[in-house]
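Mind folding the following:
(one chain, ligands or ions: 1)
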Amino acid sequence: MNRIKELLGTRYPIIQGGMAWVAEHRLAAAVSEGGGLGLIAAGGADAAWVRGQIRGARALTDKPFGVNVMLLNPAVDEIMQVIIEERVPVITTGAGNPGKYIPALKEAGTKVIPVVANVALAIRLERTGVDAVIAEGLESGGHIGEMTTMALVPQVVDALKIPVIAAGGIADGRGVAAAFLLGAEGIQVGTRFVVAAECQASQAYKEKIIGAGDSDTVVTGRATGHPVRVIKNKLTREVQMLEKNGSDLETYENLLAGSLRNAVVDGDVDRGSLMSGQIAGLVNRIQPAAEIIRELFDGARETLASVGEIDD
Ligand code: TUI
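Predicted coordinates for the structure are as follows:
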């Protein structure tokens, strides 16, 4: 038995990425109905919104789903309280250390799966009693660390006893197979689910991902300590200009404020923040979430069966 399927209570060992504005209850429910773990991303939202989304997902599916908590959110304490009250089965966390919330979450029966971008944090979090970790490489969209998936996953696997979920650069069966060969017991997929039919993100943003090639993303924000991978556009060119000129933080933050919502909800692909992984070049069409999941695992099985002898 695969430990991640057991932990999540799902048919397949796959978690949907916790993408702010993108991952709302209809996408989460569709992924869960398709046999994965769908996620509602709390992102920068308030606790009341999160509660409404949890109830919305429950109305659409009786399968398990989770909430992703972005730890830089100022409302994080209230959001954790809602998660506990609503008895959400699983949470993932990003952009910080969820350590102080773990005792209360465990008491409520909520499984905790933080995203880690290096081995040191993975080891610290294993000691605090988390159930698994997501080792996320810098191929991912959004806020990232400094290690590639290829180098990070096997090193985290070797350092921990709890199961590891691989993330960053996985969008087809070959990526799934590779993740398992590196020792992961599950995968997290973000970018490919942005273009799921059930995803409510703007058509214009979906088309940018579908049209993107391998070199169409860029990392901005290294200067401010919040590196974020996005598709290149007018906004990223302006941000890069500010970074080159060593502009003050306030000018920079003003430019980014609201830019994620602009892209995802309003479809402003010039001035919006088009978060996407490097694997966007492989993401070519809109499909139901359940079909995406089936293709990922059918493809992984085929890939593994087709690997021949690698020496004589
Ligand atoms: O969190 C993500 N991806 C995200 S969060 C987000 S919202 C945002 N937008 C702009 C700036 C900042 C956030 C968009 N995409 N992925 C998981 C992830 N977590 N990647 C890296 C980390 C991380 C980084 C630092 C986890 C922990 C950490 O430090 C904790 C510590 O105590 O050292």
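
and Met147, how many residues sit next to it?
20 (other Cβ atoms under 10 Å). To be clear about C-beta, it is placed using only N, CA and C from the backbone, and glycine gets the same treatment.

ok, it touching Ala120?
No: counting by Cβ atoms under 8 Å, Met147 does not reach Ala120; the two are 11.0 Å apart.

buried ones in stretch 39-57?
For stretch 39-57, burial by neighbour count (16 or more other Cβ atoms under 10 Å) applies to 39-45, 47, 49-51, 53-54, 57.

Just to be sure, which of the residues you listed are found in helices?
Judged by DSSP state H, helices contain the following of those: 47, 49-51, 53-54, 57.

With adjacent residues omitted, what lies nearest to whatever residue of the stretch 151-300 of the chain ends up closest to the ligand?
Nearest residue of the stretch 151-300 of the chain to the ligand: His226, at 4.2 Å (Cβ to the nearest ligand atom). Using Cβ to Cβ, 6 or more residues apart in numbering and skipping the chain neighbours, the partner closest in space to His226 is His143 (6.3 Å).

so who does that neighbour touch?
Neighbouring residues of His143 by Cβ atoms under 8 Å, 6 or more residues apart in numbering: 94-95, 226-228.

Give me the buried subset of those residues.
Among those, those classed as buried by 16+ other Cβ under 10 Å are 94, 227-228.

Report the two of the buried residues of stretch 39-57 separated the most.
Spatially, the most separated pair among these is Gly44 and Ala57, at 19.1 Å (Cβ to Cβ).

what's in contact with stretch 234-251?
In contact with stretch 234-251 (Cβ under 8 Å, 6+ apart) are residues 218, 220-224, 230, 252, 255-256, 259, 270-273.

Give me the neighbour count for whichever residue of the stretch 101-250 of the chain sits closest to the ligand.
Per Cβ to the nearest ligand atom, Gly142 is where the stretch 101-250 of the chain lies closest to the ligand, at 2.4 Å. Gly142: 24 surrounding residues under other Cβ under 10 Å.

give me the beta-bridge partners of the closest residue to it other than its chain neighbours?
Closest residue to Gly142 apart from its sequence neighbours, by Cβ to Cβ, 6+ apart: Met275 at 4.5 Å. Note on Met275: beta-bridge partners by DSSP bridges are Val230.

Met275 is in contact with Arg261, isn't it?
No: using Cβ under 8 Å, Met275 makes no contact with Arg261, being 11.5 Å away.

Among these two, which residue is more densely surrounded?
Met275 (28 against 16).

show me what contacts that one?
By Cβ under 8 Å, 6+ apart, the residues touching Met275 are 19, 141-142, 228-231, 260, 263.

Let's see if you can find the most crowded of those.
Highest neighbour count within the contacts of Met275, by other Cβ under 10 Å: Ala263, with 29 neighbours.

Report pLDDT for that one.
On pLDDT, Ala263 comes in at 93.

again, but for Met1
In this model, Met1 carries a pLDDT of 86.

Check the spacing between the closest residue to Leu282 other than its chain neighbours and Ser276 real quick.
Spatial nearest neighbour of Leu282, excluding adjacent residues (Cβ to Cβ, 6+ apart): Ala171 at 4.7 Å. From Ala171 across to Ser276, the span is 11 Å (Cβ to Cβ, to the nearest Å).

Look up the residues that both of these two are in contact with.
With Cβ under 8 Å, 6+ apart, Ala171 and Ser276 have common neighbours Thr191.

Now do the contacts for Val82.
47, 50-51, 54.

what's the closest of the residues you listed to Asp214?
Val50 (35.2 Å).

Could you list the residues of the chain in contact with the ligand?
Contact residues (Cβ under 6 Å from any ligand atom) of the chain with the ligand: 20, 70, 72, 94-97, 115, 117, 121, 136, 142-145, 226, 228.

Which neighbouring elements make contact with the longest helix along the chain?
Counting residues, the longest helix in the chain under DSSP H turns out to be helix 289-306. Packed against helix 289-306 by the contact rule (3 or more Cβ pairs under 8 Å, 6 or more residues apart in numbering; DSSP states H and E) you find strand 14-16, helix 25-33, helix 173-181, strand 186-189, helix 191-194.
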